[in-house]
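Novice: Got a sequence here, can you build the structure:
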Amino acid sequence: MNIVKDTAVTLRYKVADATGKILEESREPMVYLHGGYGNTFPKIEEALEGKATGYQTTLQLEPQDAFGVRDESLVQTIPKTQFPPGVKVGGQLQGQGEDGHTHVFTVMKIKGDTVMLDGNHPMAGKALRFSLTVTDVRAASEEEIAHGHVHGEHGHHH
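Specialist: Residues are numbered from 1 along each chain as shown. Next up, the predicted model:
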C-alpha cells in the first residue's frame, strides 16, 4: 500500500543537526495519520506521499519547516519568588507568553533571585536532518480519520 491521504504511516526516525550530530532517535516507531492532519511536519508528508513500506529518505528541514525560528519574546526573566520551592534548571512548566498563547517554558538559568525561562522548542532555530524509514502503511479506520490521529499501539490512546 502506498502512502496517501487517510493512511496510517509507521516510521523509524533519527534527527540530526547540520553537523550530523544525532539529537533524537526513535526508540519506538512513530505512527501518524497522513493527509494534512498536523501529525507531522508538512515537508515530511510531502516527501513520503506515494511511497511504500521500506522507503528510506533523509530530509534537510530549515527551522521554519521544522520547530520554527527562535522567538526571543518567549525568553523571560521572572522573580524566583513566583516559583514553588525546588525550581531547578531544566525543569518545565506551562505558562502564557507575551503573545497570550500557552507555551511550555524550560528553566534555563537561575541567578540570584531571578529565573530565566525559554518558551521556544529546544530545537527551534535549528536546521535539522531527518532520516526516515517507513516500516508500515495501512488504511486508517473511520474513527481515526474522524479523530484526526492514529489509535492503538504507538498511536493515540483515549
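
Novice: Spatially central residue in the protein, please.
Specialist: Phe67 (6.8 Å; Cα atoms, centre = their mean).

Novice: Helix or strand: which one has the closest residue to Gly152 other than its chain neighbours?
Specialist: Spatial nearest neighbour of Gly152, chain neighbours left out: Val31 (8.0 Å); criterion: Cβ to Cβ, 6 or more residues apart in numbering. Every C-beta, even on glycine, is put in place using the N, C-alpha and C of the backbone. Val31 belongs to strand 30-33 when assigned by DSSP states H and E.

Novice: Could you identify the helix or strand that succeeds that strand?
Specialist: helix 42-48.

Novice: Which residues does the longest strand anywhere in the chain contact?
Specialist: The longest strand of the chain (DSSP state E) is strand 128-139. By Cβ atoms under 8 Å, 6 or more residues apart in numbering, the list of residues contacting strand 128-139 from outside reads 1-3, 6-18, 20, 23, 29, 44, 47-48, 51-61, 66-67.

Novice: out of those, which are inside helices?
Specialist: The helices, defined by DSSP state H, take in Ile44, Ala47, Leu48 from the contacts of strand 128-139.

Novice: For Ala18, give its distance to Leu128.
Specialist: 8 Å (Cβ to Cβ, to the nearest Å).

Novice: Compare the two (neighbour count), which wins?
Specialist: Leu128 (20 against 10; other Cβ atoms under 10 Å).
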